[in-house]
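A.B. asks: only geometry, no sequence info:
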């Protein structure tokens with residue numbers, strides 16, 4: 001067992017786990033497991049419970065969680081392996097994300113290799129009968145998939161399609177809808193920033209996920225360009241931010257296209273760009 005001195009949460013979980021006959025192992029992932037200096041007092045506890053009886057934890061109310069301490073709020077959902085998951089905020093502000101996983105997944109990880117989540121780092125906190133003993137060590141990094149021509153073309157097409165809708169929504173005063181579409185453009189931009197970083201800085205770069213640590217891995221100058229891509233809740237400011245988003249996307253996409261020999265949709269950009277100059281008349 002690996003000791004935890006942060007807030008006593010792990011000790012409580014392990015004491016409870018030992019009393020559950022169906023539980024075979026407890027693992028921890030996330031920043032607290034990586035021990036790379038990024039964890040702080042606000043970091044979640046990402047806990048995996050490996051069990052022989054997954055059905056026991058399908059309880060919609062999550063009654064089993066209350067055995068671990070006073071709960072402020074909890075959310076049940078499906079985990080990444082079609083497993084039960086509970087996101088829990090305990091009294092005192094401690095947040096724990098639980099994944100309840102069939103114990104045979106440990107054997108699969110040992111035989112087939114770690115998935116991206118565990119490759120970044122994990123800790124075996126408790127292992128009743130050695131089910132986790134054969135897991136390979138984590139490397140701490142995950143290799144990203146470089147783009148291919150088809151994926152690049154699809155990303156560019158979707159981006160310009162979404163951007164083209166923004167002025168129409170704004171002209172109708174549909175700010176909420178415009179903001180929703182704007183966030184879709186940001187998600188597409190995030191993917192492009194990842195591809196651009198891999199192109200500029202090397203295919204072995206760890207670009208993380210969901211924008212995590214982007215300030216550190218994005219290509220030089222990209223992070224400093226991002227403030228202009230966000231706008232306030234007015235038609236004019238949202239349109240200004242859309243122009244900045246289109247500017248950054250186009251610049252990075254053309255650099256990626258040139259480096260990989262991909263075709264870039266110049267015609268789509270030329271047709272849509274003028275629509276961002278002013279709101280259309282209703």
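C.D. replies: Perfect, thanks for sending it. On a predicted model such as this, the values are computed, not experimentally measured, just so you know.
A.B. asks: domains of this structure?
C.D. replies: Per the record, the chain has its domains at 9-127, 149-276, by automatic domain parsing.
A.B. asks: from the chain's centroid, how far away is the shortest one?
C.D. replies: It stands for domain 9-127. Put simply, domain 9-127 sits 17 Å off its chain's centre (C-alpha atoms, centre = their mean, to the nearest Å).
A.B. asks: what mean pLDDT does it have?
C.D. replies: The pLDDT scores in domain 9-127 average 94.
A.B. asks: could I get the full set of strands for the stretch 51-200 of the chain?
C.D. replies: 71-78, 84-90, 95-102, 123-127 (DSSP state E, counting those that start in this stretch).
A.B. asks: got those as TSV, with mean neighbour count and distance to residue 261 columns?
C.D. replies: The way it works is simple: take the backbone N, C-alpha and C, and place the C-beta from them, glycine included. Shown next, in TSV, are these (neighbours: other C-beta atoms under 10 Å; distance: least, C-beta to C-beta, whole Å):
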stretch	mean neighbour count	distance to residue 261
strand 71-78	12	40
strand 84-90	20	42
strand 95-102	20	41
strand 123-127	20	43
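A.B. asks: for these, give me JSON lines that also has distance to residue 27.
C.D. replies: Formatted as JSON lines, those follow (distance: least, C-beta to C-beta, whole Å):
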{"stretch": "strand 71-78", "distance to residue 27": "19"}
{"stretch": "strand 84-90", "distance to residue 27": "14"}
{"stretch": "strand 95-102", "distance to residue 27": "9"}
{"stretch": "strand 123-127", "distance to residue 27": "6"}
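A.B. asks: nearest to residue 165, of those strands?
C.D. replies: Shortest distance between residue 165 and these, using C-beta to C-beta, is found for strand 71-78: 29.9 Å.
A.B. asks: report the angle between that closest one and strand 95-102.
C.D. replies: Note on geometry: by axes from the mean of the first three to the mean of the last three C-alpha atoms, to 10 degrees, strand 71-78 and strand 95-102 are set 40 degrees apart in direction.
A.B. asks: which residues sit against strand 71-78?
C.D. replies: Residues from elsewhere that reach strand 71-78, judged by C-beta atoms under 8 Å, 6 or more residues apart in numbering: 60, 62, 65, 84-91.
A.B. asks: repeat the analysis, applying 6 Å as the threshold.
C.D. replies: Strand 71-78 is contacted from outside by 62, 65, 85-89, 91, using C-beta atoms under 6 Å, 6 or more residues apart in numbering.
A.B. asks: wait, residue 22 sits on residue 55?
C.D. replies: No. Using C-beta atoms under 6 Å, residue 22 makes no contact with residue 55, being 9.8 Å away.
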